[in-house]
Structures are given as C-alpha cells and as structure tokens.
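Novice: Build me a model from this:
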Amino acid sequence: MSPKVLLQYLLPHRLLSRLANAAARWRWRPWKEAMIGVVVRQFRVDLDEAEQSDPRAYPSFNAFFTRALKPGARVPDADPASLLMPADGRISQLGRIEAGRIFQAKGQSFTAAELLGDEAMAAPYADGSFATIYLSPRDYHRVHMPWRGRLLETLQVPGRLFTVAPWGVRAIPRLFARNERLVCHFETDFGPMCLVMVGAMLVSGVETVWGGEEIPPYASRPRRRDWRGQGIQLERFAEMARFNYGSTVIVLLPGGTEIAAGLAAEAPVRLGQRLGLRRRDTGA
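Specialist: Residues are numbered from 1 along each chain as shown. Have a look, this model is predicted:
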C-alpha cells in the first residue's frame with residue numbers, strides 16, 4: 001500500500017471535512033479571494049460561462065464553488081426522449097450492472113445494495129445501468145435531473161470520506177459504497193431512478209433543492225426520509241442538488257435502459273448531453 005493510500009485510512013476524515021466546510025464559508029475578503037484565485041488559476045476555471053463572472057463578487061469560497069451558470073451555458077440534448085448527463089465532470093465508470101454488481105475500477109466492484117444501503121430498493125437495478133461521474137474542482141457543481149421524476153425517499157448512509165480522486169478510486173476497495181452519501185430515489189414513467197451524491201474528504205457537503213443542507217451533519221446511523229405525498233416533482237434538466245465543495249454523483253437506471261453509444265470511462269462530459277435511452281417497453 002502506498003503512503004498516500006495509507007494516509008487515507010489514518011486521517012480524521014470528518015474533522016478535516018468540518019474544518020474545510022468552515023473555511024469555505026469564511027467571508028474574510030483576503031482569505032476567500034486567495035482561495036478562489038488559487039482554484040481559478042490551478043484548474044483553469046472558465047468564469048465566462050458563470051452567471052457572476054467576477055471572482056471578487058462571491059461572498060465566500062463556497063458561493064464561488066456552487067456558482068450558477070449563465071442561461072444557455074448548458075442545454076439539454078436535442079432529443080426530448082433522451083436521458084441526460086446530470087453534471088459536468090469526467091466519467092469514472094459506466095455500463096451495465098451485472099447481477100447487482102457495479103464496476104468501480106480494475107479489480108474493484110461493489111453491489112447496488114451496498115451503495116444504496118437497502119437490499120429491496122436495489123432490486124430493480126440488478127440488471128440495469130449505471131454511470132459514475134467525478135466532478136473536479138474546475139467543474140460546475142450542481143447536479144440536475146436526467147429525467148423528470150417524483151421524489152420518493154432519501155437515505156443518508158453514514159461512512160468514511162475517502163478521496164474520490166481517480167487514484168483513490170483505483171486503490172480503495174468498494175470506495176463509493178463506504179463513503180458517506182445521500183441516496184435519492186425517484187419514480188419516473190419508465191420505472192425507478194436513483195441518484196447517489198457521494199461525499200469525500202474535504203468535499204463532503206450535499207444540499208438538495210427540496211431539503212436544503214443534508215450533509216453535514218454527518219450521520220451516526222442511516223437516516224431515512226419519506227417524501228411520498230409531498231408533491232416533489234422535478235422536471236428533466238431541472239437542478240436537483242449541489243455539492244458544497246465537490247465529489248461524485250452516481251446514476252442508477254433499471255433494466256431495459258441503455259447507455260448512449262460513445263460514452264466511456266475517463267471521457268469528459270457536460271451537463272445535459274445524452275446519457276442514455278429509457279426503457280423501450282414503456283412506449284414513452
């Protein structure tokens with residue numbers, strides 16, 4: 001095991017993430033402008049597409065990190081029947097879920113039930129499709145709906161906060177099924193759809209459009225919230241959630257759905273491009 005991987009096991013994940021969360025919200029001008037400047041320069045952030053293009057106008061580093069885009073900066077795929085990519089970023093992995101198992105990296109996989117923290121809720125995805133999208137510090141950090149859906153429930157699953165950088169994904173077994181995460185279940189006209197917001201070290205904040213800040217606080221046990229009957233319906237391409245300081249989103253689709261041709265691991269992707277096609281037997 002390399003020293004940097006060993007360090008991932010030894011570091012106090014939650015303490016460091018709490019400190020990073022506070023630092024990202026500190027409004028002292030010299031601090032927040034220095035932090036924003038470092039990220040803009042190091043990661044070549046394109047502020048021309050941001051709704052607020054002046055980096056000095058953001059009240060905090062977190063406000064910059066969760067910045068909105070100008071209208072039209074991202075548009076949904078022209079085919080109104082296609083499922084959409086939920087975020088900017090880079091594909092970690094995608095493809096078929098085989099006998100309930102999701103591929104993580106060479107020699108690494110985990111089960112859909114482990115990821116979702118619920119055997120019964122994972123059953124519809126046993127032979128479905130998945131896409132894991134990694135958001136780097138330069139990316140737009142809001143997550144949007146691949147398809148219109150009605151929110152059924154969420155489950156906050158407690159766990160570690162290992163890095164989700166590519167080297168960590170290759171080295172740490174079952175990483176996405178071990179990290180703290182918010183599992184969001186939707187009902188659609190082609191069956192169930194699930195989006196999993198995965199936390200990571202220093203970048204573990206998750207906020208939803210229906211519930212506000214969900215993580216932190218960090219969970220000591222699974223925290224389930226039932227949203228049935230509350231009329232939370234989100235349209236295709238609508239904002240669903242955001243990462244307060246980055247991470248990974250995983251989309252699970254039921255059997256019969258297809259991932260779009262041409263998508264592959266390590267490929268850069270943009271919000272709104274075609275992710276896949278719905279189940280054909282719906283006639284929708």
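Novice: Give the buried residues for the lengthiest helix in the chain.
Specialist: Determined from DSSP state H, the single longest helix within the chain is helix 29-43. Neighbour counts over helix 29-43 (16 or more other CB atoms under 10 Å) mark 32, 35-36, 39-40 as buried. No exception for glycine: its C-beta is placed from N, CA and C like everyone else's.
Novice: Pull out the buried residues from stretch 224-231.
Specialist: By neighbour count with 16+ other CB under 10 Å, stretch 224-231 contains the buried residues W227.
Novice: ok, and what's touching stretch 210-230?
Specialist: Under the contact criterion CB atoms under 8 Å, 6 or more residues apart in numbering, stretch 210-230 has outside partners 14, 17-18, 21, 117, 151-158, 180, 182, 197, 199, 204-208, 232, 244.
Novice: list the contacts for L116?
Specialist: 122, 155, 157, 183, 194, 196, 252.
Novice: would a markdown table of the buried residues of helix 29-43 with pLDDT and distance to R56 be doable?
Specialist: Below are these laid out as a markdown table (pLDDT from 0 to 100; distance: CB to CB, whole Å):
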| residue | pLDDT | distance to R56 |
| --- | --- | --- |
| K32 | 95 | 9 |
| M35 | 93 | 12 |
| I36 | 94 | 8 |
| V39 | 91 | 14 |
| V40 | 94 | 11 |
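Novice: tally of neighbours for the nearest residue to R67 once chain neighbours are set aside?
Specialist: Distances taken as CB to CB, 6 or more residues apart in numbering put A50 closest to R67, at 4.9 Å, once the chain neighbours are dropped. Using other CB atoms under 10 Å, A50 has 19 other residues around it.
Novice: What are the boundaries of the strands in the stretch 51-200 of the chain?
Specialist: Assigned by DSSP state E, counting those that start in this stretch, the stretch 51-200 of the chain shows strands spanning 82-84, 89-96, 101-105, 108-111, 129-135, 142-144, 149-157, 181-188, 191-198.
Novice: Reformat those strands as CSV; add mean neighbour count.
Specialist: Shown next, in CSV, are the strands of the stretch 51-200 of the chain (neighbours: other CB atoms under 10 Å):
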stretch, mean neighbour count
strand 82-84, 23
strand 89-96, 20
strand 101-105, 20
strand 108-111, 18
strand 129-135, 23
strand 142-144, 25
strand 149-157, 21
strand 181-188, 23
strand 191-198, 24
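Novice: Switch these over to TSV; also include mean pLDDT.
Specialist: Compiled in TSV, those are given as follows (pLDDT from 0 to 100):
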stretch	mean pLDDT
strand 82-84	97
strand 89-96	95
strand 101-105	93
strand 108-111	93
strand 129-135	96
strand 142-144	97
strand 149-157	98
strand 181-188	97
strand 191-198	97
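Novice: For R74, which of those is the nearest?
Specialist: Closest to R74 of the strands of the stretch 51-200 of the chain, according to CB to CB: strand 142-144, at 8.2 Å.
Novice: neighbouring strands for that closest one, and are they parallel or not?
Specialist: strand 239-244 (antiparallel) (DSSP bridges).
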